[in-house]
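Enquirer: Next input, structure requested:
(one chain, ligands or ions: 2)
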Amino acid sequence: VSVDLGSRSYRVAIGRGSLAAAGAAIAQAAKPTRALIVSVPGVDRRYGAALMRSLKQAGIPTSRVCVPDRDRSKSVSRLAELWQACVRAGLDRRSVIVALGGGMVGDLAGFAAATFLRGISFVQVPTTLLAMVDASVGGKVAINLPEGKNLVGSFYQPRLVWIDTDTLRSLPRRERAAGMAEIVKAGAIWDAQLFAHLEEKIEAALDLEPEALLPAIEAAIRMKAEVVSLDERETGLRMLLNFGHTLAHAVEALAGFRGILHGEAVAMGMVYAARRSEQLGCAPAGSATRIEQLLARAGLPTELPPHPRRAYLEALSVDKKRMASVVQFIVLEAIGRASVRALPIGEVFPAPRKTRHVEVVG
Ligand SMILES: NC(=O)c1ccc[n+]([C@@H]2O[C@H](COP(=O)([O-])OP(=O)(O)OC[C@H]3O[C@@H](n4cnc5c(N)ncnc54)[C@H](O)[C@@H]3O)[C@@H](O)[C@H]2O)c1
Ligand SMILES: [Zn+2]
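Expert: Ligands and ions are numbered 1, 2, ... in the order given. Below is the predicted model of the structure:
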């Protein structure tokens, strides 16, 4: 799949067992003087040596560095350490940083690449399903602050995204399902055919059966590539990618970013947004149920945690993507189509109707 952004265009290559060929592809895409692989211990142990060997065979002097696992590494202090590691590795302006891991590694290493020596080449080798279909494509890189997630970052496109789906074999089932939530999102907002494909084969895709999984990954990336090509900096169309995310961010914040994976929160948020879309008269009845059933088959949660309404309203009003007390809510129009609608927070999460008892029934 190609991401068309003029002189910053790049290729997303999807393969099976292709890790050993990464070096040659990186050499061709970035023509680097040196490479630094950034990873986390669990991923580096499994795939780091193979990637390093492949880079060296392609004639690129390469070193490796690891940061601790999970989102706590997307911090100012880890970033500073990574910049220093770049100096120690002897990186110059024509060197490349290669992110090997999930979205956390991609976001951190990408921001380091965007800033070290005012920007050096960057390549993504995503190893989680979420990073393959979402985080590695589109050029958003960021770190967290204690005050909130992804508050400091940049738009910085990679030179290449190199996907070896065999790396998913070691990815825990729960992480696979979380990534699948973003593929379901791609189908729901953009690609009815992808959605239908998942309705037929979501279990097989989660079992990594190639004929079920590969077309799903490719379609989700194609969606993101198209959307990003048309609106790199999220001034319009790219906002559609936030389908389910308004509530997801609230759910994550209310959980203190613990115990719940991003994809799981997105699953809950999408079912909520789809139901709300039906209530608002935007989506045909039954759309939300289709989304809910599909996500449930993937083992994903579909009901919002039972926090009081007030807690949700407060969490929504600190969503950094808000505009005053109005949020850009993504409504479903049909399976495969969505649009942006400015909604006051109270309308996103309306008070339960109290007039039911006077409605005439039957
Ligand atoms: N830039 C973007 O557009 C974008 C989009 C979505 C999410 N994100 C960011 O991505 C991050 C989440 O990404 P994620 O879900 O990939 O989480 P993650 O990077 O934390 O990885 C999840 C877990 O899987 C492990 N892992 C990774 N690859 C593995 C493999 N092949 N086998 C076994 N274990 C493996 C990791 O070590 C980690 O424990 C968040 O920081 C989020 O903000 C960014
Ligand atoms: Zn997401």
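
Enquirer: Can you give me the buried ones in the longest helix along the chain?
Expert: Using DSSP state H, we find that the single longest helix of the chain is helix 210-230. Neighbour counts over helix 210-230 (16 or more other C-beta atoms under 10 Å) mark 212-229 as buried. Any C-beta I mention is one placed from the backbone N, CA and C, and that applies to glycine too.

Enquirer: Is there contact, residue-wise, from whatever helix or strand comes next after that helix to ligand 1?
Expert: Downstream of helix 210-230, the next assigned helix or strand under DSSP states H and E is helix 245-254. No: for a cut-off given as C-beta under 6 Å from any ligand atom, helix 245-254 has no contacts with ligand 1; the smallest distance is 9.5 Å.

Enquirer: helices or strands up against helix 245-254?
Expert: Judged by 3 or more C-beta pairs under 8 Å, 6 or more residues apart in numbering; DSSP states H and E, the packing partners of helix 245-254 are helix 262-279, helix 309-317, strand 326-334.

Enquirer: so what strands line up beside the next helix or strand after the last one?
Expert: Sequence-wise, the next helix or strand downstream of strand 326-334 (DSSP H and E) is strand 337-344. With DSSP bridges as the test, strand 337-344 is paired with strand 326-334 (antiparallel).

Enquirer: got the angle for the strand it pairs with vs helix 309-317?
Expert: Relative orientation of strand 326-334 versus helix 309-317 (axes from the mean of the first three to the mean of the last three C-alpha atoms, to 10 degrees): 100 degrees.

Enquirer: Sort out which residues of strand 326-334 are buried, please.
Expert: V327, Q328, F329, I330, V331, L332.

Enquirer: Quick check, the fourth one in contact with L240.
Expert: So that's I330. Yes: applying C-beta atoms under 8 Å as the test, I330 and L240 come out as touching, 5.8 Å apart.

Enquirer: Give me the common contacts of these two.
Expert: I189, A338, S339, V340 (C-beta atoms under 8 Å, 6 or more residues apart in numbering).

Enquirer: Which of the residues you listed are buried? Put it as a ChimeraX command.
Expert: Typed into ChimeraX, the line below selects the buried ones among those, using 16+ other C-beta under 10 Å:
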select :189,338,339
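
Enquirer: would TSV of the shared contacts of I330 and L240 with distance to R290 and pLDDT be doable?
Expert: Below are the shared contacts of I330 and L240 laid out as TSV (distance: C-beta to C-beta, whole Å; pLDDT from 0 to 100):
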residue	distance to R290	pLDDT
I189	13	98
A338	14	97
S339	18	96
V340	22	96
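
Enquirer: Turn the shared contacts of I330 and L240 into a markdown table, including distance to A285.
Expert: Listed next are the shared contacts of I330 and L240 as a markdown table, based on distance: C-beta to C-beta, whole Å:
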| residue | distance to A285 |
| --- | --- |
| I189 | 19 |
| A338 | 17 |
| S339 | 18 |
| V340 | 22 |
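
Enquirer: ok, so of the shared contacts of I330 and L240, who is nearest R159?
Expert: Looking at the shared contacts of I330 and L240 and their distance to R159, the nearest is I189, at 27.6 Å (C-beta to C-beta).

Enquirer: Around ligand 1, which positions in the stretch 151-300 of the chain sit nearby?
Expert: Checking the stretch 151-300 of the chain against ligand 1 by C-beta under 6 Å from any ligand atom, the hits are T167, S170, L171, E175, H262.

Enquirer: Find the nearest non-adjacent residue to the third one, please.
Expert: To tie it back to what came earlier, the one meant is L171. With sequence-adjacent residues excluded and distances taken as C-beta to C-beta, 6 or more residues apart in numbering, L171 is closest to T128, at 5.9 Å.

Enquirer: Look up how far I163 lies from that neighbour.
Expert: Look at T128 and I163: by C-beta to C-beta, to the nearest Å, they are 11 Å apart.

Enquirer: Show the average pLDDT along stretch 206-219.
Expert: Stretch 206-219 carries an average pLDDT of 98.

Enquirer: Ok, stretch 62-82 next?
Expert: 97.

Enquirer: can you check stretch 133-149 too?
Expert: In this model, stretch 133-149 carries a mean pLDDT of 95.

Enquirer: likewise stretch 86-105?
Expert: Mean pLDDT, computed over stretch 86-105, is 98.

Enquirer: which parts of that stretch are buried?
Expert: Neighbour-count burial for stretch 86-105 [16+ other C-beta under 10 Å]: 86, 89, 91, 95-105.

Enquirer: which among these gets closest to D207?
Expert: Closest to D207, out of all of the buried residues of stretch 86-105 and judged by C-beta to C-beta, is G102, at 20.1 Å.

Enquirer: which secondary structure element contains V161?
Expert: Using DSSP H and E, V161 sits within strand 160-164.

Enquirer: What is the end-to-end distance of stretch 113-127?
Expert: End-to-end distance of stretch 113-127: 19 Å, with C-alpha to C-alpha, to the nearest Å as the criterion.

Enquirer: If you count neighbours, what's buried in that stretch?
Expert: A113, A114, T115, F116, I120, S121, F122, V123, Q124, V125, P126, T127.

Enquirer: for stretch 53-72, same thing?
Expert: Residues of stretch 53-72 classed as buried under the neighbour-count rule (16+ other C-beta under 10 Å) are S54, L55, A58, I60, T62, S63, R64, V65, C66, V67, D69, D71.

Enquirer: Give me the subset of those that lies in strands.
Expert: The strands, defined by DSSP state E, take in T62, S63, R64, V65, C66 from the buried residues of stretch 53-72.

Enquirer: dump the residue contacts of the fourth one.
Expert: The reference is to V65. Going by C-beta under 8 Å, 6+ apart, V65 touches L36, I37, V38, S39, L82, A85, A89.
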